[in-house]
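Novice: sequence? don't have it. structure:
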């Protein structure tokens, strides 16, 4: 009996001692189960996300496969079309082809220009499209149709030279070379007026470096005094611009010119410096067409420089200077000098344009002396001082219609003109030229109605004064290609 009671007591004690251990074990398991459950849920979420990503990848792959199939179909269609074109070309008669050096681009462009004109009298430089100011003493009106402004230009670009330098060339011609009977016959006849001869305007090679913004022109080209990028607007006077020799100076010469962008690659106004050396010309003594002209015998070059700045499509300004030495003794100092054996040809020029809104404003002014060789001094040759310039204002009413007003003046020093006045010749003392035109432009075509009025003061003996005025009415049509 005692043993039984003792056993029961020991058992109760054992249960009492093991109860807390069991409770602690159950609590730990609950924590483990919760942690495991959370881990399973997290892995399930990751698995779901991976399944979604996999589904998106399958869809993207399917789209790429569809695009590839479409592109292959297009390529097959293109190949079939090319095969048909090649077959057609192969079956067609062989035509002449033009080839050039690898990498060289070839361009032929220009314009066709025709002007119906009526004049109140004859003009200096010629009539029609090269009329500038009235011939003193001329009488009688005249009219006609002139197409000599018509021009074609041939350009080569992209030839490799060395390093970053590329080469090219420019050839430009119009039809102010005179008239002939045909087959090169330099004789006037009944049909000569309808056979104007080609005239070389420019012919030069061009070396350029797009990395440094440098370029070199070698050959016949415009000198730096001619405001090539600031000319008045006219469809009748293109080769001989409005005011040429009366407010606008400069001419084309064989020579070399170097151009350098001063802030190449930068934003804002673009600056450029040009310097050049050109062959000169003079009227007499000697021959201006056989390299014996006394004014520049032995290649006395014209030295010129130009500083140019512009804000694209907004405004532009430039300043240019010219110098050369004129020696009238000629080749071998054999010519009898007229009044002065040697003097300098000098000129300074300022110009610019501004395009505020629908307006276009342009102007050039110059001063110099001894500048007959660059169409100054009203094309009179001698140590003659000259001042001149032009101003033009235009307004564009619509994208097609525009109106322009123009005025130019050249005033050589009267005493200088009289001093250099040759026997039996006429001295030009002052010229004024005004013009007004209305233009209609559509695509590559343009049409214009224009009125030009010029007044020339002159003398034949240094004492008398004669005033001659003349008018020209023009109707022009223009097409560029």
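Specialist: Yep, that arrived. Please read all numbers here as calculations on a predicted model, not as lab measurements. Numbers count the residues shown, from 1 in each chain.
Novice: To what extent is residue 415 buried, counted in neighbours?
Specialist: When neighbours are defined as other CB atoms under 10 Å, residue 415 has 11 of them. Any C-beta I mention is one placed from the backbone N, CA and C, and that applies to glycine too.
Novice: Doesn't it lie inside a helix?
Specialist: Yes. According to DSSP: H, G, I helix; E, B strand; the rest coil, residue 415 belongs to a helix.
Novice: Next one, pLDDT for residue 343 please.
Specialist: On pLDDT, residue 343 comes in at 94.
Novice: list the buried ones in whatever helix or strand it lives in?
Specialist: Per DSSP states H and E: residue 343 is located in strand 342-354. Neighbour-count burial for strand 342-354 flags 345, 347, 349, 351-353 (criterion: 16 or more other CB atoms under 10 Å).
Novice: helices or strands up against that strand?
Specialist: Counting contacts by 3 or more CB pairs under 8 Å, 6 or more residues apart in numbering; DSSP states H and E, strand 342-354 is packed against strand 315-327, strand 359-369.
Novice: at 10 Å instead, please
Specialist: The contact analysis (3 or more CB pairs under 10 Å, 6 or more residues apart in numbering; DSSP states H and E) places strand 342-354 against strand 302-311, strand 315-327, strand 359-369, strand 385-396.
Novice: hang on, the earlier thing: now the buried residues of strand 342-354 in CSV, with distance to residue 159?
Specialist: Listed next are these as CSV, based on distance: CB to CB, whole Å:
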residue, distance to residue 159
345, 36
347, 35
349, 34
351, 33
352, 35
353, 33
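Novice: With respect to residue 417, which of those is nearest?
Specialist: For the buried residues of strand 342-354, the minimum distance to residue 417 (CB to CB) is 15.9 Å, reached by residue 345.
Novice: thinking the closest one is in contact with residue 328, fair?
Specialist: No. With contact defined as CB atoms under 10 Å, residue 345 does not count as touching residue 328 (11.9 Å).
Novice: where do the contact lists of the two overlap?
Specialist: 282, 295, 381, 383 (CB atoms under 10 Å, 6 or more residues apart in numbering).
Novice: What degree of burial does the second one show, as a neighbour count?
Specialist: Okay, so that is residue 295. By other CB under 10 Å, neighbour count at residue 295 equals 24.
Novice: Can you tell me the closest non-neighbouring residue to it?
Specialist: Nearest non-adjacent residue to residue 295, counting by CB to CB, 6 or more residues apart in numbering: residue 282, 2.4 Å away.
Novice: what's near enough to touch that neighbour?
Specialist: 288, 293-297, 300, 324, 326-328, 330, 345, 370, 372-373, 381-382.
Novice: for residue 446, same thing?
Specialist: Contacts of residue 446 (CB under 10 Å, 6+ apart): 111, 113, 233, 235, 400, 402, 439-440, 476-480.
Novice: repeat that for 7 Å
Specialist: 235, 439-440, 478 (CB atoms under 7 Å, 6 or more residues apart in numbering).
Novice: Same list (the residues you listed) but as a markdown table, adding neighbour count, distance to residue 452 and pLDDT.
Specialist: Shown next, in a markdown table, are those (neighbours: other CB atoms under 10 Å; distance: CB to CB, whole Å; pLDDT from 0 to 100):
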| residue | neighbour count | distance to residue 452 | pLDDT |
| --- | --- | --- | --- |
| 235 | 24 | 12 | 98 |
| 439 | 21 | 15 | 98 |
| 440 | 13 | 19 | 98 |
| 478 | 21 | 17 | 98 |
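Novice: These in strands, which ones?
Specialist: Among the contacts of residue 446, the members found in strands (DSSP state E) are 439-440, 478.
Novice: Residue 35: what secondary structure?
Specialist: helix.
Novice: okay, now it: neighbour count?
Specialist: So residue 35, with other CB under 10 Å, has 10 neighbours.
Novice: likewise residue 219?
Specialist: 17.
Novice: Can you tell me the element it falls in?
Specialist: Taking DSSP H and E as the definition, residue 219 sits inside strand 214-222.
Novice: now residue 160
Specialist: Per DSSP H and E, residue 160 falls inside strand 151-162.
Novice: What is the subsequent helix or strand relative to that strand?
Specialist: strand 165-174.
Novice: Against residue 229, how distant is the closest residue to residue 317 other than its chain neighbours?
Specialist: Spatially, and ignoring its direct neighbours in sequence, residue 317 is nearest to residue 352 (4.1 Å; CB to CB, 6+ apart). Residue 352 sits 10 Å away from residue 229, going by CB to CB, to the nearest Å.
Novice: Could you name every residue contacting both of these two?
Specialist: What both residue 352 and residue 229 touch, as defined by CB under 7 Å, 6+ apart, is the set residue 316.
Novice: what about residue 442, how many neighbours?
Specialist: Residue 442: 9 surrounding residues under other CB under 10 Å.
Novice: residue contacts, it?
Specialist: Each residue near residue 442 by CB under 7 Å, 6+ apart is listed here: residue 400.
Novice: Check residue 236 too.
Specialist: Residue 236 makes contact with 115, 117, 129, 450, 474, 476, according to CB under 7 Å, 6+ apart.
Novice: For the last one, list each beta-bridge partner.
Specialist: Note on residue 476: beta-bridge partners residue 115, residue 448, judged by DSSP bridges.
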